[in-house]
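A.B. asks: Generate coordinates for the sequence data below:
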Amino acid sequence: MGKKSRQIEPAPATRAWWPFALIALAGLAAYANSFSGDFVFDDISSIETNPFLRRLWPPWDAMLRSPGLPTRPIPYLTFALNYAFGGNDPWGYHAVNLAIHLAAASALFEIVRRSLEIVNRRWRGEWPATGLALAVALIWVTHPIQTQAVTYIYQRLESLMGMFLLLTLLTFLIAMQSAANRRGWWLAVSVLCCGLGMASKEVMVVVPLVVLWYDRVFIASTWRELARERWPYYLSLFATWGVLGLVFWNQRENYAELDTQLHTRTEYFFTQPTVVWWYLRLLVWPQGQCLDYGWEIASHFEYALPPFFAMLILLGGTVWLMWRHPPLGFVAGSFFFILSVTSSVLVVADLANEHRMYVPSAAAITLLVLATYAGLTWLGRHANLPAWMPAALLTGVTLVLIVLTHQRNKVYEDYLTMWENVVANAGFHTRAYQILIKDYVGRGEPDKAVEVCREQLARTPESSIVRSMLADALLLARRIDEAEAEYRKVAADDENLEDAEYGLGLIAAERGNHEQAIAHFRRAIELLPRYQRAHHALGKSLALQRKTEEAKQCFYKAIEINRYSTEAMVDLAVILDFEGRSDEALALFREYLQVHENHFTSWDNLGLICLDKQRYDEAIEAFGQALPLEPGNLDVRRSLARALAGAGRLDDAAGVLRQGVRLAKQGGQPQAAERMAADLAKVEQALAQAGRGSVNRPLPNPAP
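C.D. replies: Next up is the predicted model:
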């Protein structure tokens, strides 16, 4: 490695296109069945119901405003573009995710190929650059460990960041192999990619250092040469940290997962070696994958120390490679360096997530491919292996990975299927069980939810958490007496007491005993002051007791704790309207409906307030949104007709009422039919007085 300045030879003027075609075909084959995948987990709150993605202008609404989780500007802007062109059809989102993945795989191929060519020239290597780079890219693009960054739509954050990371390095390398008059442009593109990556996800923070390290290993002969010739580039590259800083500062209130109190920094650090070994195991044997591991902390050091010391051996080998074989050392070191953002001392709520391996897996796969090729070469010299063996092995491995990725994609096809898979692979995981129970109830299978809880309770009879979830499931299944019995058992154990008090409060409210319910809810809040559901439930019981001032304070507190996932906003709006503060009530209803756009009661209440204030056009819009949600609701039809008549649209009002009369008669509601007919007579009389006659016109909103 002497000190003489290196002159990087330019890449060939023309490159074969067929490797890129093979990479694209392999990726398409692996993810062909991903397009039918549904929205799951964070997809729902961050994409499907996110009101800030509903419009492209102003763009910073989509890029910087969020209903809870941190908003990364570039990925969220692409989500908004997806919505603009295809609404909430998951197909378009999956297509964009796959396109990003294929672009990243192509960039990886070119980085590995160009790097191996440099190694062949500088260190007199004999690596078949194109073939090995193709092997790395094919395995990486088809490996099922990437499904969480590709098929899981929300994790476009990770794949987009990974694409920009690879493009930052690739464009730098292209610049170093370009003519002097074009080098500056490529370096500018590299800085741009780095900035876009910083606005995509926080892991990008390591990229300026990765490029600097790559430069020193593959390009520059000395640090002095590197600084002298490329200091403006690195000054610009490191300046992109400012982009990440601005994003983080703007979203600081949403980075709750970095402020978790679930585990300490030390616990997190000593748990990560086990997690990293699991990641490496999935690379070699991709079975047992899981969207939400609920990984347990390594609370006993005697269990944490073996994987920790084993990881130290790997790190020691990496340091040795960095000293003796710098190119291999860079590849091995970049694996640990990039993964260190989420697998070291920075505490994150979730201890393990497969998408964190999106870019680090490229380094690990590169080392595996190089080691396999070296082994096959040695065998070829000593065991006379046929020359076609490497190609056959690569083909077989790629086909197996495509099949495994296909199987993994099927898990994403349905919300329930995903969470059943999580429960099957993560063992007992509270969040997964809670989501699964709610989904069973939402699908009209409450008894199935109870069955799942009872099965888990049989395995862990001492678990108060499982018993509490069983009580929740029984309550959702309307098995009130059984639910009360289970809640009282939880309360007797003195664990999860706040959940037991909350559940007993719900049961008391269900039975109409609101004084008792209030006592239970207050006790739950004493035990857990930021118990959002308890604040909301307490407010509802207080409101039913006509203690509106206290109820309002409870609703305000519930909204403060969690503004976007509660109906406390709706209940508060109802009270404000009752007090004559209709403008405030309207503002709350509109804010709530930005997130929960299919909430019938909110649209109905919004319409009634607008109707009372004679804001007829707004009332028509609100009732028009409510009616398709409950087409058989005759009260909404009457309200819509009143709003239409108030706006002077008598023909439309008559049409709505005629259909209402017909529906009331068909539904066996004679009194409702009479009221509708009386309203219709008044409208027709007004039409006759206007001298226009009664004319049928299309309804302003879909009719049943």
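
A.B. asks: so where's this protein uncertain?
C.D. replies: 1-14, 67-68, 253-262, 299-301, 563-566, 691-704 (pLDDT under 70).

A.B. asks: can you map out the strands along it?
C.D. replies: Remark: no strands are assigned in the chain by DSSP state E.

A.B. asks: tell me the contacts of Gly427?
C.D. replies: Taking Cβ atoms under 8 Å, 6 or more residues apart in numbering, we find Gly427 in contact with Gly294. For glycine as for every other residue, the C-beta is placed from the backbone atoms N, C-alpha and C.

A.B. asks: for this protein, which helix is longest?
C.D. replies: When the chain is parsed with DSSP state H, its longest helix is helix 90-122.

A.B. asks: quick one: buried residues of it?
C.D. replies: Along helix 90-122, these residues count as buried under the neighbour rule (16 or more other Cβ atoms under 10 Å): 90, 92-94, 96-98, 100-119, 122.

A.B. asks: repeat for stretch 616-629
C.D. replies: Buried, per 16+ other Cβ under 10 Å, within stretch 616-629: Tyr616, Glu618, Ala619, Ile620, Glu621, Ala622, Phe623, Gly624, Gln625, Ala626, Leu627.

A.B. asks: Give me the nearest residue to the fourth one, chain neighbours excluded.
C.D. replies: It refers to Ile620. Ala643 (4.7 Å; Cβ to Cβ, 6 or more residues apart in numbering).

A.B. asks: Quick check: the one you found touching Arg615?
C.D. replies: No: using Cβ atoms under 8 Å as the test, Ala643 is too far from Arg615 to be in contact (9.1 Å).

A.B. asks: okay, the two: which has more neighbours?
C.D. replies: Ala643 (29 against 19; other Cβ atoms under 10 Å).

A.B. asks: need the contact list for the more buried one.
C.D. replies: Gly607, Cys610, Leu611, Tyr616, Ala619, Ile620, Phe623.

A.B. asks: mind redoing it with 6 Å?
C.D. replies: Taking Cβ atoms under 6 Å, 6 or more residues apart in numbering, we find Ala643 in contact with Leu611, Tyr616, Ala619, Ile620.

A.B. asks: do Phe521 as well
C.D. replies: Phe521 touches Gly505, Ala534, Ala537, Leu538, counting by Cβ under 6 Å, 6+ apart.

A.B. asks: 10 Å - rerun?
C.D. replies: 501-502, 504-506, 508-509, 514, 531, 533-542, 554 (Cβ atoms under 10 Å, 6 or more residues apart in numbering).

A.B. asks: could I get stretch 394-403 in PDB with only the CA atoms?
C.D. replies: Extracted in PDB, the C-alpha atoms of stretch 394-403 (Å, rounded to 0.1, in the frame of the first residue of the first chain):
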ATOM      1  CA  LEU A 394     -25.800 -19.300  -7.700                       C
ATOM      2  CA  THR A 395     -28.800 -20.300  -9.800                       C
ATOM      3  CA  GLY A 396     -30.000 -22.800  -7.200                       C
ATOM      4  CA  VAL A 397     -29.500 -20.400  -4.200                       C
ATOM      5  CA  THR A 398     -31.300 -17.600  -6.100                       C
ATOM      6  CA  LEU A 399     -34.300 -19.900  -6.900                       C
ATOM      7  CA  VAL A 400     -34.600 -21.100  -3.300                       C
ATOM      8  CA  LEU A 401     -34.500 -17.500  -2.100                       C
ATOM      9  CA  ILE A 402     -37.200 -16.500  -4.600                       C
ATOM     10  CA  VAL A 403     -39.400 -19.300  -3.300                       C
END
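
A.B. asks: And for that stretch, what's in contact with it?
C.D. replies: 22, 26-32, 131-132, 134-135, 138-146, 286, 369, 372-373, 388.

A.B. asks: measure Glu451 to Met469 for me?
C.D. replies: 12 Å (Cβ to Cβ, to the nearest Å).

A.B. asks: scratch that, Phe218 is what I was asking about
C.D. replies: Distance from Phe218 to Met469, by Cβ to Cβ: 54 Å.

A.B. asks: more crowded one of those two?
C.D. replies: Set Phe218 next to Met469 and count neighbours by other Cβ under 10 Å: Met469 wins out with 26 against 19.

A.B. asks: what comes up buried for stretch 347-354?
C.D. replies: Val347, Val348, Leu351, Ala352, Asn353, Glu354.

A.B. asks: can you put those in JSON lines and add distance to Gly242?
C.D. replies: Shown next, in JSON lines, are those (distance: Cβ to Cβ, whole Å):
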{"residue": "Val347", "distance to Gly242": "24"}
{"residue": "Val348", "distance to Gly242": "23"}
{"residue": "Leu351", "distance to Gly242": "30"}
{"residue": "Ala352", "distance to Gly242": "31"}
{"residue": "Asn353", "distance to Gly242": "27"}
{"residue": "Glu354", "distance to Gly242": "31"}
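
A.B. asks: Farthest-apart pair in those residues, please.
C.D. replies: Val347 and Glu354 (19.2 Å; Cβ to Cβ).

A.B. asks: Let me see the contact set for the closest residue to Val490 other than its chain neighbours.
C.D. replies: The shortest distance from Val490 to any non-neighbouring residue, by Cβ to Cβ, 6+ apart, is to Ala500 (4.0 Å). Listed by Cβ under 10 Å, 6+ apart, the contact partners of Ala500 are 464, 467-468, 471, 486-494, 520, 523-524, 527.

A.B. asks: can you tell me which of those residues are in helices?
C.D. replies: 464, 467-468, 471, 486-493, 520, 523-524, 527.

A.B. asks: tell me which of the residues you listed is nearest to Ala558?
C.D. replies: For the ones in helices among the contacts of Ala500, the nearest to Ala558 is Ala524 (12.7 Å; Cβ to Cβ).

A.B. asks: and the closest one, what is it in contact with?
C.D. replies: Here Ala524 is in contact with 497-505, 531, 533-535, 537-538 (Cβ under 10 Å, 6+ apart).

A.B. asks: From Leu572, how far out is it?
C.D. replies: For Ala524 relative to Leu572 (Cβ to Cβ), the value is 20 Å.

A.B. asks: follow-up on the earlier one: reformat the buried residues of stretch 616-629 as JSON lines; add distance to Arg479.
C.D. replies: Below are these laid out as JSON lines (distance: Cβ to Cβ, whole Å):
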{"residue": "Tyr616", "distance to Arg479": "46"}
{"residue": "Glu618", "distance to Arg479": "43"}
{"residue": "Ala619", "distance to Arg479": "41"}
{"residue": "Ile620", "distance to Arg479": "43"}
{"residue": "Glu621", "distance to Arg479": "41"}
{"residue": "Ala622", "distance to Arg479": "37"}
{"residue": "Phe623", "distance to Arg479": "37"}
{"residue": "Gly624", "distance to Arg479": "39"}
{"residue": "Gln625", "distance to Arg479": "35"}
{"residue": "Ala626", "distance to Arg479": "32"}
{"residue": "Leu627", "distance to Arg479": "34"}
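
A.B. asks: Tell me the one among these nearest to Phe330.
C.D. replies: Nearest to Phe330 among the buried residues of stretch 616-629, with distances taken as Cβ to Cβ, is Gln625, at 57.2 Å.

A.B. asks: and the closest one, what does it touch?
C.D. replies: For Gln625, the contacting residues are Leu593, Glu597, Asn598, His599, Phe600, Ser602, Trp603, Asp604, Leu606, Gly607, Asn701, by Cβ under 10 Å, 6+ apart.

A.B. asks: If anything else comes up later, I'll come back, but that's it for now.
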